[in-house]
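Asker: I would like the atomic coordinates for the input below:
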Amino acid sequence: MAENYRARSSEAPAARILLIAGDDDRARELRELLLTFIPTAVVARLDTETLSVGVLPAAEGVMIDVGAARGAVDAFRTVRGRGFEGRVVLVAQSEDDGTLNQAVNALGNAACLTRDAIAAKPAGLAETILCGTDDSSPGMRALVRARRVLAAGEAALSLQHGINNPLAALLAEAQLLQLEELSPEQRSSTDRIVELCRRIVTLVQRLDGLAAPHPG
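Answerer: The predicted structure follows:
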């Protein structure tokens, strides 16, 4: 039976992706990764029985990560033998896995990614699966939105770091001034500077909500 993972969005599914994974932990990890960048997708995990018999579910792409290269190639051949012509992504344990690359060249419309490459560029997995998809498709639109949200988070984090250091120094200087003997006007001005600095600190802390965002 196929194990379905519902999309996090209430919208109609943007894409259906079939997942063939070697174990439950890896399946959950890949599913979360895909939904991060294609939050409207439906990810259906296939077991061996469903892959070999019955009707293969319709999908825009198939991802295979079963560890051993021979097992991945066998699954790939079965998927093609069942008539699936869409995009297939094979996940290799290392760059030296020539067996998978040979299968990609032989069976076509596929790509091979290493686990290290996916860890280094998480968005690359979704991009590879959707490669060749029309830019106006729901899946690509969801991916573009996810990229923008992530870019906004990175910008927010950079802005936060850029503001924090000079703001902390300004607040410290103003607080030191409060310890001096000041005229009433000077003390009032210094107190306002300290209060305004603290308000800015509070506003900057809200950027934490944008740093490292999760599009889902």
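Asker: low pLDDT regions in this protein?
Answerer: For the chain, residues meeting the criterion pLDDT under 70 lie at 1-14, 54, 96-97, 132-156, 207-216.
Asker: which parts of this structure are helices?
Answerer: For the chain, the helices identified by DSSP state H occupy 24-37, 48-52, 69-81, 98-107, 115-120, 123-129, 138-178, 184-205, in order along the chain.
Asker: quick check: which of the ones you listed is buried the most?
Answerer: Across the helices of the chain, the average number of neighbours (mean count of other C-beta atoms under 10 Å) peaks for helix 123-129, which reaches a mean of 21. The way it works is simple: take the backbone N, C-alpha and C, and place the C-beta from them, glycine included.
Asker: care to break this protein down by domain?
Answerer: Annotated domains of the chain cover 2-133, 151-209 [automatic domain parsing].
Asker: phi first, then psi, for the residue lying farthest from the centre of the chain.
Answerer: Here the chain reaches farthest from its C-alpha mean at residue 183, the gap being 56.1 Å by C-alpha atoms, centre = their mean. Dihedral angles phi and psi of residue 183 (degrees, to the nearest 10) take the values phi -70, psi 160.
Asker: ok, it to residue 89 distance?
Answerer: Using C-beta to C-beta, to the nearest Å, we find residue 183 at a distance of 71 Å from residue 89.
Asker: repeat that for residue 121.
Answerer: 14 Å.
Asker: mind checking which of these two has more residues around it?
Answerer: Neighbours per residue (other C-beta atoms under 10 Å) separate residue 121 from residue 89, with residue 89 holding more: 24 against 12.
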